[in-house]
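S.K.: For reference, the sequence and a predicted model appear below.
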Amino acid sequence: MMLSPLKAEALDDHSTLRSDNEAWDRVRRRLRAELGEDVFSSWFGRLELVDMVGEVAHLSVPTRFLKSWIQSHYHDRLQALLVEEFKHIAELSLSVRGAIAKPAAKNPISSNSEPISVARIPADRNKADGFTAADPKGAQEGDALTGAPLDRRLTFSNFLVGRSNALAHAAAERVAHNAAGDAPLYNPLFVHAGVGLGKTHLLHAIAHETSAHGRRVIYLTADRFMYGFVSALKAQTALNFKERLRGIDLLVIDDVQFLQGKSIQQEFCHTLNALIDAGRQIVIAADRPPSDLESLDERVRSRLAGGLVVEMGQLDEALRIKIIEARITSARLHQPTFEVNPTVISYVAKMVVSNGRDLDGAVNRLLAHSTLTGGAMTVESAEAAIRDLVRTREPRKVKIEDIQKLVATHFNVSRADILSSRRSASVVKPRQIAMYLAKVLTLRSLPEIGRRFGGRDHTTVLHAVRKIEGAVNADATLKDDVELLKRMLQD
């Protein structure tokens with residue numbers, strides 16, 4: 001049976017569209033696999049392939065901030081993936097989607113073709129990039145104060161609580177449920193934790209819950225705050241930037257350890273002071289406590305430490321089991337035959353102890369094994385599947401403050417003595433040992449170590465390190481003391 005030219009052309013267009021959709025899906029999957037779910041969701045979740053004209057792939061994002069960030073950090077990699085998947089494409093063009101809908105392209109391709117797309121705030125909540133309906137001006141296209149996207153999956157209802165995060169969770173819920181008009185309970189609330197322990201989830205949950213009660217909320221990463229401030233300076237709208245930032249009810253800042261620049265830190269400190277004085281709530285997260293944020297100005301560290309500082313510690317085994325079970329339940333929605341018995345779950349929880357992301361990776365490996373082999377999951381097969389995660393387990397992070405406290409206790413002096421200018425032998429020796437351990441057990445530079453030991457010069461630290469290195473080779477008793485201190489700090 002012969003097809004008419006019109007029908008044949010329609011079939012060709014349909015085939016081309018399907019092929020392009022599949023290629024774009026592959027690009028997105030490869031980006032997600034390379035960069036991880038968090039990075040992909042933040043920067044590429046709303047990236048769309050609009051059309052392809054000649055050798056150029058036309059992509060779009062909703063804000064100028066996303067466009068600038070992708071062009072600065074990921075342009076080359078994104079273009080390389082497009083060239084690999086679309087053989088006729090040689091380059092990409094990135095634009096900002098306008099507020100007025102444009103005519104449909106001949107072969108429009110939506111990012112929603114990806115089954116697992118980033119969860120966005122529902123339109124009926126009248127939110128755009130973290131602003132609530134109470135602040136509609138905050139969602140203007142290309143605004144310097146556009147907040148980072150909130151992930152609607154990260155709520156209190158699916159935050160798993162254990163011993164390590166119970167205090168942080170309780171404080172977060174109290175802050176989020178504080179009635180409008182009431183004085184803030186803990187201001188600022190400062191949450192610190194290592195990678196993959198749930199601090200960003202907690203921040204998103206606070207923002208969601210607070211905005212659900214009609215209060216004005218903005219969630220920003222430190223990078224986004226810096227970008228907004230610099231953009232406002234360039235556009236000569238810094239005053240408007242400051243006023244609008246200080247007019248919200250809740251300010252949430254994530255990854256504050258990345259805040260850089262003297263003028264930016266000064267403005268950040270002014271913003272904190274203005275919001276706190278006005279009775280507005282502030283929630284901050286970082287990878288370490290305020291006292292350890294050495295790149296931040298002392299006034300900023302002091303202000304951050306002035307509220308409630310809570311740590312989310314390493315996941316205990318019971319919590320790791322909860323997380324694994326939740327991930328398996330979620331995976332079963334797509335693979336109903338995926339089953340993991342309690343013995344295997346317990347084994348994985350015992351072996352993968354670093355963070356939640358590694359637990360996600362472990363479940364993904366178990367799912368892949370189950371899907372590809374079709375066999376029942378055993379402890380032996382689980383051991384083979386997660387071997388790389390177990391092998392890369394990170395050692396405990398040692399803090400200079402812990403070194404100073406332990407050495408002071410061991411040699412029966414005070415930490416204040418170690419930080420002082422006293423030159424007596426009973427103080428100098430412990431001080432030098434503490435400096436040596438700080439150099440050996442941390443990644444801090446000599447100048448940084450010197451600053452943490454009472455503002456000493458880096459040459460003083462270098463002298464101490466070399467003296468202890470020589471002494472442990474000649475003095476067996478001192479060597480045993482130093483090795484004992486090392487083990488105590490690392491266990």
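M.R.: Sure thing, it's come through. Numbers count the residues shown, from 1 in each chain.

S.K.: When you work out contacts or count neighbours from here on, use the C-alpha atoms and nothing else.
M.R.: OK.

S.K.: show me where this structure has strands.
M.R.: Ranges of strands in the chain, per DSSP state E, are 48-53, 56-61, 91-96, 189-193, 217-221, 250-254, 281-286, 308-312.

S.K.: Using JSON lines, lay out these together with distance to A349 and mean neighbour count.
M.R.: Output for the strands of the chain, formatted as JSON lines (distance: least, Cα to Cα, whole Å; neighbours: other Cα atoms under 10 Å):
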{"stretch": "strand 48-53", "distance to A349": "38", "mean neighbour count": "19"}
{"stretch": "strand 56-61", "distance to A349": "39", "mean neighbour count": "19"}
{"stretch": "strand 91-96", "distance to A349": "43", "mean neighbour count": "17"}
{"stretch": "strand 189-193", "distance to A349": "20", "mean neighbour count": "25"}
{"stretch": "strand 217-221", "distance to A349": "31", "mean neighbour count": "25"}
{"stretch": "strand 250-254", "distance to A349": "28", "mean neighbour count": "24"}
{"stretch": "strand 281-286", "distance to A349": "26", "mean neighbour count": "24"}
{"stretch": "strand 308-312", "distance to A349": "18", "mean neighbour count": "19"}
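
S.K.: could you redo these as a markdown table and give each row mean pLDDT and distance to R174?
M.R.: Formatted as a markdown table, the strands of the chain follow (pLDDT from 0 to 100; distance: least, Cα to Cα, whole Å):
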| stretch | mean pLDDT | distance to R174 |
| --- | --- | --- |
| strand 48-53 | 84 | 38 |
| strand 56-61 | 88 | 36 |
| strand 91-96 | 86 | 39 |
| strand 189-193 | 93 | 11 |
| strand 217-221 | 87 | 16 |
| strand 250-254 | 90 | 13 |
| strand 281-286 | 93 | 12 |
| strand 308-312 | 93 | 12 |
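
S.K.: Dump these to TSV, plus distance to E294.
M.R.: Formatted as TSV, the strands of the chain follow (distance: least, Cα to Cα, whole Å):
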stretch	distance to E294
strand 48-53	40
strand 56-61	36
strand 91-96	37
strand 189-193	15
strand 217-221	18
strand 250-254	17
strand 281-286	12
strand 308-312	17
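
S.K.: So which of those strands is nearest A474?
M.R.: Closest of these to A474 is strand 189-193, at 40.5 Å (criterion: Cα to Cα).

S.K.: Could you spell out the sheet neighbours of that closest one, each with its direction?
M.R.: Based on DSSP bridges, the pairing partners of strand 189-193 within the sheet are strand 281-286 (parallel), strand 308-312 (parallel).

S.K.: what's the spacing between the last one and its chain's center?
M.R.: Which is strand 308-312. In terms of Cα atoms, centre = their mean, to the nearest Å, the centre of strand 308-312 is found 17 Å from the chain centre.

S.K.: Kindly export it (C-alpha atoms) in PDB.
M.R.: What follows is strand 308-312, C-alpha atoms only, in PDB (Å, rounded to 0.1, in the frame of the first residue of the first chain):
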ATOM      1  CA  LEU A 308      20.700  28.300  68.300                       C
ATOM      2  CA  VAL A 309      23.500  26.200  66.800                       C
ATOM      3  CA  VAL A 310      22.600  22.600  66.200                       C
ATOM      4  CA  GLU A 311      24.500  19.800  64.600                       C
ATOM      5  CA  MET A 312      23.100  17.000  62.500                       C
END
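
S.K.: Next, the distance between the ends of stretch 302-322.
M.R.: Taking Cα to Cα, to the nearest Å as the measure, stretch 302-322 stretches 37 Å from start to finish.

S.K.: do stretch 364-384 as well
M.R.: Terminal residues of stretch 364-384 lie 13 Å apart, using Cα to Cα.

S.K.: Quick check: buried residues in it?
M.R.: N364, R365, L366, L367, H369, S370, M377, V379, S381, A382, E383 (16 or more other Cα atoms under 10 Å).

S.K.: quick one: G306 from P290, how far?
M.R.: On the measure of Cα to Cα, G306 and P290 end up 10 Å apart.

S.K.: who's more crowded, these two?
M.R.: Per other Cα atoms under 10 Å, whichever of G306 and P290 has more neighbours is P290, with 24 against 15.

S.K.: Who are the contact partners of that one?
M.R.: R301, S302, L304, A305 (Cα atoms under 8 Å, 6 or more residues apart in numbering).

S.K.: try 10 Å
M.R.: 190-192, 256-257, 296, 298, 300-306, 309 (Cα atoms under 10 Å, 6 or more residues apart in numbering).

S.K.: before we move on, the earlier item: with respect to V482, which of the buried residues of stretch 364-384 is nearest?
M.R.: Nearest to V482 among these, counting by Cα to Cα, is E383 at 36.3 Å.

S.K.: Was I right to think the closest one contacts I345?
M.R.: No. Using Cα atoms under 10 Å, E383 and I345 do not qualify as a contacting pair, with a distance of 11.2 Å.

S.K.: what about the helices in the stretch 201-350 of the chain?
M.R.: 222-234, 238-245, 262-277, 298-304, 317-332, 342-351 (DSSP state H, counting those that start in this stretch).
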